[in-house]
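Peer 1: what's the 3D shape of this:
(one chain, ligands or ions: 1)
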Amino acid sequence: MAMGNASTGIPDPTALLRIERVGSILTVGLNRPAKRNALNDSTVRAIDECFSTIASDVRVVVVYGVGDHFSAGLDLSELSETDVIEGLEHSRMWHRAFEKVQYARVPVVAALKGAVIGGGLELACACHIRVAEPSAYYALPEGQRGIFVGGGASVRLPRLVGVARMADMMLTGRVYTASEGVTLGFSQYLTAEGGAYDKALELAERITTNAPLTNFAVLQALPLIAEAPPQVGFMMEALTATVAQNSKEAKERIRAFLERKAGRVRPT
Ligand code: 1HE
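Peer 2: Alright, predicted model coming up:
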């Protein structure tokens with residue numbers, strides 16, 4: 001499977017993913033700029049493998065698009081003659097890969113620019129934080145193409161922007177801009193032009209300073225608690241909080257605050 005070589009630090013220009021290390025951050029670039037980072041099967045499998053084999057010293061992953069676009073979505077050239085079973089297997093293959101992203105051992109930050117379309121938006125939705133620059137735009141042209149989302153958008157996107165907005169995008173081909181997107185929940189951050197990657201790295205650096213147990217709970221427990229019936233959620237929250245606050249690291253961090261050795265919370 002074609003991937004960059006994180007161990008040598010020398011990116012392979014022919015790799016489907018450009019995988020590099022910046023300290024404890026793993027950066028993963030979608031690397032088919034000539035095809036606007038359209039996601040073919042091999043790229044989706046490479047994403048699955050990459051997120052299945054994150055080294056133990058990696059603390060955060062940043063996903064971005066090489067070139068001017070994040071991703072133009074499903075590679076339509078591979079969709080021509082599939083039958084029903086192949087279609088189901090194809091969609092489930094995407095689901096497996098993007099679940100590896102959503103339930104990765106570490107937080108995943110997406111840096112968005114240009115086209116964030118179809119399957120590209122589905123990949124972005126599987127990440128935990130989305131940072132957009134003004135060129136980013138969001139669309140689901142599945143209606144025009146005569147297909148349906150198959151990479152998890154029906155599950156993840158309504159939780160970010162609502163069912164009505166997603167239905168509108170699919171029925172009318174509506175395109176949302178980056179500035180609309182940050183207001184509506186497509187992204188959590190909007191930077192200056194060309195700033196998404198650096199901002200994603202800056203956020204990733206900040207995330208690396210958290211207690212790993214808190215990061216783990218945010219990734220693995222929070223989404224389940226948020227979807228649970230309230231009484232179950234409250235109990236799960238209590239259990240998670242108790243485990244976290246009884247960790248050695250939490251005790252050390254709280255002591256450091258009380259001894260005025262830790263930073264204060266101020267508006268930025
Ligand atoms: C592609 C794809 C692709 C580009 N599959 N080859 N996605 C879409 O419907 C979006 C389709 N793409 C576009 O609308 C445009 O390409 C862009 C707006 C993203 C960029 O436009 P532009 O003018 O910069 O580039 P281009 O000339 O359109 O594309 C450059 C090349 O990339 C060209 O190939 P070439 O061999 O002629 O150079 C394009 O054919 C190719 N290319 N996008 C295949 N998507 C799991 S279900 C998910 C369902 C979906 O994702 S549906 C959404 C599909």
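Peer 1: who are the contact partners of residue 76?
Peer 2: 38, 145 (C-beta atoms under 8 Å, 6 or more residues apart in numbering). Backbone N, C-alpha and C define where each C-beta goes, glycine included.
Peer 1: actually, residue 221.
Peer 2: Here residue 221 is in contact with 236, 237, 240 (C-beta under 8 Å, 6+ apart).
Peer 1: and residue 114, by the same measure?
Peer 2: Taking C-beta under 8 Å, 6+ apart as the criterion, residue 114 is in contact with 36, 65, 67, 68, 69, 70, 135, 136, 137.
Peer 1: interface residues of the stretch 51-200 of the chain facing the ligand?
Peer 2: 69, 72-77, 94, 115, 117-119, 141-142, 145, 147, 149-151 (C-beta under 6 Å from any ligand atom).
Peer 1: of those, buried ones?
Peer 2: Applying 16 or more other C-beta atoms under 10 Å to these, the neighbour count classes 69, 72-75, 94, 115, 117-119, 141-142, 149-151 as buried.
Peer 1: and residue 105, that's in a strand?
Peer 2: No - per DSSP: H, G, I helix; E, B strand; the rest coil, residue 105 lies outside any strand segment and is coil.
Peer 1: my read: it touches residue 54, true?
Peer 2: Yes - with contact defined as C-beta atoms under 8 Å, residue 105 reaches residue 54; the gap is 5.9 Å.
Peer 1: where do the contact lists of the two overlap?
Peer 2: Joint contacts of residue 105 and residue 54 (C-beta under 8 Å, 6+ apart) do not exist.
Peer 1: contact partners for the residue of the stretch 51-200 of the chain found nearest the ligand?
Peer 2: Of all residues in the stretch 51-200 of the chain, residue 118 sits closest to the ligand, at 2.2 Å by C-beta to the nearest ligand atom. Contacts for residue 118 were tallied using C-beta under 8 Å, 6+ apart; they are 72, 73, 74, 139, 140, 141, 142, 149.
Peer 1: rewinding a little: the buried ones among the residues of the stretch 51-200 of the chain next to the ligand in helices, which ones?
Peer 2: Under the assignment DSSP state H, these contribute 94, 119, 142 to helices.
Peer 1: so what does the most centrally placed residue in the chain look like in phi/psi?
Peer 2: Compute the mean C-alpha point of the chain, and by C-alpha atoms, centre = their mean the closest residue is residue 127, 1.6 Å away. Dihedral angles of residue 127 (phi, psi; degrees, to the nearest 10) stand at phi -80, psi 160.
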